[in-house]
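Trainee: Generate coordinates for the sequence data below:
(2 chains)
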Amino acid sequence: MLKTRIFAIATVMTMLTAPFVASAQQDTIKEIEKYRAALGDGNPAELWEMRGEDLWKQKRGPKKASLEQCDLGKGPGVVKGAYTVLPKYFEDTDKVEDLESRLVTCMVMLQGFTYAQATKDPFGGPGKKADMEALVAYVTAASRGMKMNVGLSHPQEKAMYDIGKKMFFHRGGPHDFSCATCHAADNIRIRLQDLPNLTKQEAAQRAYTAWPAYRVSQGELRSFQWRLFDCFRQQRFPELEFASKGSVALTLYLARNSNGGTFNAPSIKR
Amino acid sequence: MKKLAFLVALPLAFIGAAHAQAKKEDPALAVMKASFKERGQAKLDRLIQDPTMATCSKYPQAVPANIRKQVESAEMKNVKFPADGKLLGDWKLGERIAQTGVGKQFSDDPATPSGGNCYACHQLAKAEISYGTIGPSLYNFGKLRGYTDEIRKYAWGKVWNPQAYSACSNMPRFGHNSILTEEQIRHVVALLMDPESPVNK
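Mentor: Sure thing, here's the model as predicted:
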């Protein structure tokens, strides 16, 4: 299985670098589509989902408690469908929280971790897997096949949506880039990578419902917080802080734009 | 009495001024400032916009014609031409700059020269099929427009500061914002304007 996949990658790489005539470009794009489809069967994200389930049920932290009483927005302990309503306003913290910041809240309140401990190393790297990404995989997988349904009824949700929208269009840094530079027009790409127009419902649905994702090129499962963190890196901005208010606001803007789309992640990407 | 009134009025004036300032800051910008942290070469001042970027962020889809003109004439003053008048460098080095995407990210070494990453958004030489489509195709750029001094100057100005020619363009201001050096821009202009460049073949 793994060998087949490596062969598939090698084939696509060869096709990308071979001195093709320009008319062959469409064929290349078709080959990439085939490669992506081939990746879909057998997704290593399952390993993160399993580890996340263990972490969810394990008694951890100074209070030696599990996360099984964590309220992710659908009541204490309800995991199924929870991701489809996030980010949302929570009364107990008087804040709008996305999945990751809500997990941090539960780790602090239920398990007794400090905020610093709960937010330490939220992204995995070579040789160190992140617990946060495993928990994200477990929780999001329980919303697979369900429709996104993010509300804006609370005034704080509305305010955060507006902030997220402003952030999306905020041009800055040495390159004058904003999210909109790459994600506010139809049918554009960087090199051969298609770019979704996140201001349009259908494209936003397709993009948002495909995160988190197992990234073949990194051998890691990546959360939506990571997706934003790495977009801003490429945008030449400073580092977006994990679970920060701005990260939640932008997530709310994008999640709300994807309402009605069927959630289908953790997915697998190049 | 007068003195007392003054003493009372002074702190009030301070509070008033501070209040007006706090009120003026966009809540989204305040959240951004609290949500990013500096890392490597990427400091928090990167969140602060110059007047052009503030204007362009306000009109992300269509910029009104009068505002376009304002942006373009203001930015035209920010186009610098080389003191020695030499606009063309080596297209082979220009091709390398066009292929390179590193530079200015917090993950980049500031000692390494930045690339232009032109192929990320534009078609240039025909042999490179992995090109983006955010910007227009530049294949045959010089051949189509003519190898004139006027077009060479236009190419230079456009790379230096695209806002001067097309308000709120998505393209970075490579010269104005010191992404590329004058010498690097010379090579990029050669890639576009040298008759021997693969862009014009």
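Trainee: At which residues are the strands of chain B located?
Mentor: Ranges of strands within chain B are B:36-37, based on DSSP state E.
Trainee: Please read the previous query as pertaining to chain A.
Mentor: Here chain A has its strands, by DSSP E, at A:88-90, A:95-97, A:188-190, A:193-195, A:213-215, A:220-222, A:239-240, A:267-269.
Trainee: The third one pairs with which strands, parallel or anti?
Mentor: Spelled out, it's strand A:188-190. Strand A:188-190 has its sheet partners listed here by DSSP bridges as strand A:193-195 (antiparallel).
Trainee: The strand it pairs with: how far from the chain's middle?
Mentor: Distance of strand A:193-195 from the chain centroid (CA atoms, centre = their mean, to the nearest Å) equals 17 Å.
Trainee: Going by neighbour count, list what's buried in it.
Mentor: Going by neighbour count (16 or more other CB atoms under 10 Å in any protein chain shown), the buried part of strand A:193-195 is A:Leu195. Placement of C-beta: from N, CA and C, glycine included.
Trainee: What mean pLDDT does it get?
Mentor: Mean pLDDT, strand A:193-195: 95.
Trainee: where in chain B is pLDDT low?
Mentor: In the predicted model of chain B, residues B:1-23 satisfy pLDDT under 70.
Trainee: Kindly report the domain assignment for chain B.
Mentor: B:2-76, B:91-200 (automatic domain parsing).
Trainee: quick one: pLDDT of A:Ile9?
Mentor: You'll see A:Ile9 listed with a pLDDT of 44.
Trainee: The residue in chain B positioned nearest to chain A: what's it in contact with?
Mentor: Taking CB to the nearest CB, chain A has its nearest neighbour within chain B at B:Ser35, 2.9 Å off. Residues near B:Ser35 by CB atoms under 8 Å, 6 or more residues apart in numbering or on different chains: A:240-241, A:244-247.
Trainee: Quick check: it vs B:Cys118, distance?
Mentor: 32 Å (CB to CB, to the nearest Å).
Trainee: swap in A:Gln193?
Mentor: Distance of A:Gln193 to B:Cys118, given as CB to CB: 16 Å.
Trainee: and what of B:Ile97?
Mentor: Note on B:Ile97: its distance to B:Cys118, by CB to CB, is 8 Å.
Trainee: So for the two, which residues contact both of them?
Mentor: Here B:Ile97 and B:Cys118 share the contacting residues B:188, B:191, scored by CB under 8 Å, 6+ apart.
Trainee: These two: who's more crowded?
Mentor: B:Cys118 (28 against 21; other CB atoms under 10 Å in any protein chain shown).
Trainee: what's around the nearest residue to that one once chain neighbours are set aside, how many residues?
Mentor: Counting by CB to CB, 6 or more residues apart in numbering or on different chains, B:Ala98 is the residue found nearest to B:Cys118 once chain neighbours are left out, at 3.8 Å. Residues within reach of B:Ala98, counting by other CB under 10 Å, total 26.
Trainee: ok, B:Ala98 - contacts?
Mentor: Shown in contact with B:Ala98 (CB under 8 Å, 6+ apart): B:115-119, B:124, B:188, B:191.
Trainee: what do you get if the cut-off is 10 Å, keeping everything else the same?
Mentor: Shown in contact with B:Ala98 (CB atoms under 10 Å, 6 or more residues apart in numbering or on different chains): B:91, B:115-120, B:122, B:124-125, B:128, B:131, B:138, B:187-188, B:191-192, B:199.
Trainee: Tell me the backbone dihedrals of the spatially closest residue to A:Lys88 that is not a sequence neighbour, please.
Mentor: Closest residue to A:Lys88 apart from its sequence neighbours, by CB to CB, 6+ apart: A:Gly73 at 5.1 Å. Dihedral pair for A:Gly73: phi 120, psi -10, per degrees, to the nearest 10.
Trainee: OK, now which residue of chain A is nearest to chain B?
Mentor: Using CB to the nearest CB, the single residue of chain A nearest to chain B is A:Gly246, 2.9 Å away.
Trainee: Next, count neighbours for that residue.
Mentor: 24.
Trainee: where do the helices sit along the stretch 51-200 of chain A?
Mentor: For the stretch 51-200 of chain A, the helices defined by DSSP state H, counting those that start in this stretch occupy A:99-109, A:115-118, A:131-141, A:155-169, A:179-183.
Trainee: among those, which is the most enclosed?
Mentor: Most buried of these by mean neighbour count (mean count of other CB atoms under 10 Å in any protein chain shown) is helix A:131-141; its value is a mean of 25.
Trainee: Tell me if that helix is near chain B.
Mentor: No - for helix A:131-141, no contact with chain B is found by CB under 10 Å from any CB of the partner chain; the gap never falls below 17.7 Å.
Trainee: could I have that helix exported to PDB, CA atoms only?
Mentor: Only the C-alpha atoms of helix A:131-141 are listed here, as PDB (Å, rounded to 0.1, in the frame of the first residue of the first chain):
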ATOM      1  CA  ASP A 131      -1.600  15.600  21.500                       C
ATOM      2  CA  MET A 132      -3.700  18.600  20.300                       C
ATOM      3  CA  GLU A 133      -3.700  17.400  16.700                       C
ATOM      4  CA  ALA A 134      -4.700  13.900  17.800                       C
ATOM      5  CA  LEU A 135      -7.600  15.300  19.800                       C
ATOM      6  CA  VAL A 136      -8.700  17.500  16.900                       C
ATOM      7  CA  ALA A 137      -8.600  14.400  14.600                       C
ATOM      8  CA  TYR A 138     -10.800  12.400  17.000                       C
ATOM      9  CA  VAL A 139     -13.400  15.200  17.500                       C
ATOM     10  CA  THR A 140     -13.700  16.300  13.900                       C
ATOM     11  CA  ALA A 141     -14.000  12.700  12.600                       C
END
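Trainee: Spatially central residue for the chain, please.
Mentor: Since you didn't name a chain, this refers to chain A. Nearest to the mean C-alpha position of chain A, by CA atoms, centre = their mean, lies A:Phe224 at 2.1 Å.
Trainee: not quite, I wanted chain B
Mentor: By CA atoms, centre = their mean, chain B has its centre lying nearest to B:Arg173, at 2.3 Å.
Trainee: what's near enough to touch the residue nearest to B:Phe36 when sequence neighbours are not counted?
Mentor: Of all residues not flanking B:Phe36 in the chain, A:Pro238 sits nearest, at 4.3 Å (CB to CB, 6+ apart). The neighbourhood of A:Pro238, defined by CB under 10 Å, 6+ apart, consists of A:172-173, A:232, B:32-33, B:35-47, B:106.
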